[in-house]
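Colleague: only geometry, no sequence info:
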Ligand code: 1QQ
């Protein structure tokens, strides 16, 4: 009994010594008086954030919306004064190699605390492993393919995964039109369009739909007559199309021109006003699911729509909204971390719960995916409307 008591006493003393050592570690980390490398003492935490977006070429409309959304958030955040963000923006041109060298420059030369982007999942698949290895928090605001946040602990996204959006859009379309037979079209040279296809096929099978044909295309293709002629001859009730806006809009235009007037269900890439700009009336009948709906009766949403429209002369889309909330999520994480340190910002980001953004109330799940509810929209009369 006595021996047990002595043992307990020794353990308690060892524990106390251990705790004292930990505490001592913390005090040595405190900065000496006069050191203002961390401006928290001056009121605002200063942080440099790198943005990689598709700014030139066939997907420049995505990058424009993304950087507009970020810049609007930047003005507001910096005006508030808790956090002072400095942005460094790089164009990836929608290309893997360019996205990767942009990331390397931002991480190693500009020494950013965190990254937003790149725009495409195809690009993110090469940037995220590099950023994760370097311990740089990275948030996709438009990357929706399966498996992006799973790349590593530093990788997050506030964009809606295809695996959530596509089944929601398909279910509504099936209920409304009594769909039984579908044709699928997808770009087989892009990570996002392939991932969207996997979800479309699996969901169609689960829902007991008959898949009449599966047709493929590539980025930059301009003629879809062969695929569409075959699809028309099979008489589907609905076309599932996994495409970026440029190819998606041309597909719809050519389909309508040959009298193929069935509804389309598209993924995230199709959810852009650029589709209406390119295809005009031929875009009517496109159904998509999105966390963003600009006509929502919500003060925060309407305030954002007004400020964005005043500043840029056009209405924001989902890409602008996700990017706007993305910078706000970082601002919140940096404020909570109290310092512009990559690890501290990563941890603070992972801990965000119920953040009120324009996309809704947001939290990250355990892998770094945002939890959100999609709304299903349809293009009708040349604009996105609620699909009911
Ligand atoms: C992805 C996408 C694209 C539509 C972004 C522009 O969702 O690549 O994941």
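Modeller: Good, I have the coordinates. Only a predicted model underlies this, so the values are computations on that prediction, with no experimental measurement involved.
Colleague: give the buried residues for the strand or helix carrying residue 133.
Modeller: Assigned by DSSP states H and E, residue 133 falls within helix 121-134. Residues 121, 122, 123, 124, 125, 126, 127, 128, 130, 131, 132 are the ones in helix 121-134 that count as buried (16 or more other C-beta atoms under 10 Å). (Each C-beta comes from the backbone N, C-alpha and C, glycine too.)
Colleague: show me the shaky parts of the stretch 251-388 of the chain.
Modeller: Counting by pLDDT under 70, the stretch 251-388 of the chain has no low-confidence residues at all.
Colleague: so which residues on the stretch 251-388 of the chain come close to the ligand?
Modeller: 268, 269 (C-beta under 6 Å from any ligand atom).
Colleague: what is the burial count for the residue in the stretch 251-388 of the chain positioned nearest to the ligand?
Modeller: At 3.2 Å from the ligand, residue 269 is the closest residue in the stretch 251-388 of the chain, using C-beta to the nearest ligand atom. Neighbour count of residue 269, defined by other C-beta atoms under 10 Å: 30.
Colleague: OK, contacts around it?
Modeller: Under the criterion of C-beta atoms under 8 Å, 6 or more residues apart in numbering, the neighbours of residue 269 are 192, 193, 196, 242, 243, 244, 245, 248.
Colleague: need the max-distance pair from the residues you listed.
Modeller: 196 and 245 (13.0 Å; C-beta to C-beta).
Colleague: who's in contact with residue 265?
Modeller: 166, 169, 170, 173, 200, 238, 239, 240, 241, 286, 287, 288.
Colleague: got it, and residue 215?
Modeller: Residue 215 sits next to 183, 184, 185, 186, 227, 230, 231 when contact means C-beta under 8 Å, 6+ apart.
Colleague: and it, how close does it get to the ligand?
Modeller: Using C-beta to the nearest ligand atom, to the nearest Å, residue 215 is found at 19 Å from the ligand.
Colleague: immediately after the helix or strand containing residue 213, which helix or strand?
Modeller: Element membership of residue 213, judged by DSSP H and E, is strand 210-217. Counting by DSSP H and E, the element after strand 210-217 in chain order, helix or strand, is helix 225-234.
Colleague: related to what we said a few turns ago, pull the most distant pair out of the buried residues of helix 121-134.
Modeller: Using C-beta to C-beta, the buried residues of helix 121-134 span at most 17.1 Å, a distance reached by 122 and 132.
Colleague: return the subset of the contacts of residue 265 lying in strands.
Modeller: Within the contacts of residue 265, residues falling in strands by DSSP state E are 238, 239, 240, 241, 286, 287, 288.
Colleague: for the first one, what are its contacts?
Modeller: Put plainly, it is residue 238. When contacts are taken as C-beta under 8 Å, 6+ apart, residue 238 is in contact with 173, 174, 177, 179, 181, 182, 183, 262, 263, 264, 265.
Colleague: now for the first one: which residues touch it?
Modeller: Spelled out, it's residue 173. Per C-beta under 8 Å, 6+ apart, neighbours of residue 173: 179, 238, 263, 265, 287, 387.
Colleague: and which of those is nearest residue 152?
Modeller: Closest to residue 152, out of all of those and judged by C-beta to C-beta, is residue 265, at 31.6 Å.
Colleague: on that earlier part again, among the contacts of residue 265, which pair sits farthest apart?
Modeller: 200 and 286 (14.4 Å).
Colleague: and the helices in the stretch 51-200 of the chain, which stretches?
Modeller: 60-80, 96-104, 121-134, 162-177, 191-206 (DSSP state H, counting those that start in this stretch).
Colleague: let's have the ones you listed in JSON lines, adding distance to residue 380.
Modeller: Formatted as JSON lines, the helices of the stretch 51-200 of the chain follow (distance: least, C-beta to C-beta, whole Å):
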{"stretch": "helix 60-80", "distance to residue 380": "21"}
{"stretch": "helix 96-104", "distance to residue 380": "35"}
{"stretch": "helix 121-134", "distance to residue 380": "29"}
{"stretch": "helix 162-177", "distance to residue 380": "12"}
{"stretch": "helix 191-206", "distance to residue 380": "22"}
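Colleague: how about CSV for those, with mean pLDDT and distance to the ligand added?
Modeller: Output for the helices of the stretch 51-200 of the chain, formatted as CSV (pLDDT from 0 to 100; distance: least, C-beta to the nearest ligand atom, whole Å):
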stretch, mean pLDDT, distance to the ligand
helix 60-80, 98, 4
helix 96-104, 98, 11
helix 121-134, 98, 3
helix 162-177, 96, 7
helix 191-206, 98, 3
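Colleague: tell me where the model's unsure across the stretch 1-150 of the chain.
Modeller: In the stretch 1-150 of the chain (pLDDT under 70), the answer is 1-42.
Colleague: tell me the residues of it that contact the ligand?
Modeller: Counting by C-beta under 6 Å from any ligand atom, the stretch 1-150 of the chain sits next to the ligand at 62, 119, 120, 121, 142, 143, 144, 145.
Colleague: between those residues, which sits nearest residue 299?
Modeller: residue 142 (25.4 Å).
Colleague: so what does the closest one have for phi and psi?
Modeller: In terms of degrees, to the nearest 10, the main-chain angles of residue 142 are phi -140, psi 0.
Colleague: thought residue 319 was touching it, still the case?
Modeller: Yes: here residue 142 reaches residue 319: they are 5.5 Å apart, a contact under C-beta atoms under 8 Å.
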